[in-house]
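Novice: Sequence first, then the predicted structure, then my questions.
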Amino acid sequence: VVFASGKDRRPDAGELHTSFKLDSSGEYLGLFTADSPRQTAGEYAPQFPPQRSDYSYGLNAAGEAGYFDPPTPRAPNDALALFEGFCADPASSIPAGLTEGTQHLAVELTCPTPGAEIFYTLDASEPSRTNGLRYAGPLDLFGATRSPSRIVRAVAYAPGLLPSNHATFSYVFVAYVPTQAADPLGFPSTWPNAPAADYAMDPEIAGNAAYASLIAEGLRSLATVSIVCDFDDLFGAVSGIYANPTQEGIAWERAASAELFQPDGRAGFRQNCGLRIQGGASRTPEKSPKHSFRLIFRGDYGATRLRCA
């Protein structure tokens, strides 16, 4: 196994690392002989296709190119595990973001890949064939709950293809943000070393007649960031990063989705990423019960960089 890491390591024992890296979006790759002049022993031309974490790409015994799941380093590629590519990502009929009004919101999910099946969740967990529901028609995201926000996460599957990326769509009902409960159902009632968990908008603002009529306008005038991840990854007593804010390092990084909604209609972004608690003294509960987040963009989650105008 040779790692295309750019570290340029050639020890007598241990891992081998190339002096160059490979672009996950695809580029030319050739394997050359040591002859003079050198000859091409094999190549991906004009380039290999886009790559994703935890899937390999190569040739099987019949010389067919494709993706493999699971990867088999140091072993032959299994022809039965060959996939042509990835299913396209699910799309939503209604753009995510701040939503006006107090009416029911019927959201349709679609996928351009023929024969694709979509599975979704409404509890912020990552969907799969075994976690979530199979999409069968428009989703009523309002119902009787009058929740200030609803989160739709979706993934698509199609025959002969690997699953799509997880797509997240956050809908924020502006009219109900001021009335969000201080103790939403299912959320922990306490944070470490804090008198009580507090999820509501400050009642001194939301309940003040001088400000109440200005709140909706104020919310619409600000850029909004929605960060979504599995509930236990945030608040779980054992492994939740918010419940254990002083823990650091990659072991305390969790998969998440981040969305940016611009107030002037400009395009924001929707991207899968990693999530950690950020800060020094501010992560100490007795000094600050509320903590900052850091977003990490790497190939483990999707794109390695965040690009936003």
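Specialist: That came through fine.
Novice: Figure out the helix or strand that the spatially most central residue of the chain lives in.
Specialist: For the chain, residue 272 is the residue whose C-alpha lies nearest the centre (C-alpha atoms, centre = their mean; 2.5 Å). For residue 272, the host element (DSSP states H and E) is strand 269-278.
Novice: Please state the offset of that strand from the chain centre?
Specialist: Computed by C-alpha atoms, centre = their mean, to the nearest Å, the chain-centroid distance of strand 269-278 equals 7 Å.
Novice: And it, what's buried?
Specialist: 270, 271, 272, 273, 274, 275, 276, 277 (16 or more other C-beta atoms under 10 Å). No exception for glycine: its C-beta is placed from N, CA and C like everyone else's.
Novice: what do you get for stretch 86-95?
Specialist: 86, 87, 88, 89, 90, 92, 94.
Novice: go on, stretch 246-254?
Specialist: 252, 253, 254.
Novice: Just give me the neighbour total for residue 301.
Specialist: By the other C-beta atoms under 10 Å criterion, the neighbourhood of residue 301 contains 23 residues.
Novice: what residues are up against it?
Specialist: By C-beta atoms under 8 Å, 6 or more residues apart in numbering, the contact set of residue 301 is 53, 255, 256, 272, 273, 274.
Novice: For residue 91, see how far away residue 64 is.
Specialist: According to C-beta to C-beta, to the nearest Å, residue 64 stands 31 Å off from residue 91.
Novice: quick one: low-confidence parts of the stretch 101-250 of the chain?
Specialist: Applying pLDDT under 70 to the stretch 101-250 of the chain flags residues 101-103, 143-145, 193-195.
Novice: ok, which stretches of it are strands?
Specialist: 106-107, 109-110, 117-121, 133-134, 139-140, 149-157, 161-162, 167-173, 224-228 (DSSP state E, counting those that start in this stretch).
Novice: Nearest to residue 199, out of these?
Specialist: Proximity to residue 199, assessed across those by C-beta to C-beta, is greatest for strand 149-157 (11.2 Å).
Novice: That closest one: how far from the chain's middle?
Specialist: 11 Å.
Novice: For the remainder of this discussion, apply numbering that starts at 16.
Specialist: Sounds good: first residue 16 from here, last item strand 164-172.
Novice: Which parts of it count as buried, going by neighbours?
Specialist: So, applying 16+ other C-beta under 10 Å, buried residues of strand 164-172: 164, 165, 166, 167, 168, 169, 170, 171, 172.
Novice: Show me the beta-bridge partners of residue 135.
Specialist: Note on residue 135: beta-bridge partners by DSSP bridges are residue 148, residue 169.
Novice: Would you mind confirming that it is in contact with residue 147?
Specialist: Yes - using C-beta atoms under 8 Å, residue 135 is in contact with residue 147, at 5.4 Å.
Novice: Show me where the stretch 116-265 of the chain has its helices.
Specialist: Using DSSP state H, counting those that start in this stretch, the helices of the stretch 116-265 of the chain run over 218-221, 224-227, 230-235, 246-250.
Novice: Comparing those, which stretch has the densest surroundings?
Specialist: Highest mean neighbour count among those (mean count of other C-beta atoms under 10 Å): helix 246-250, with a mean of 18.
Novice: That concludes my questions; thank you for your assistance.
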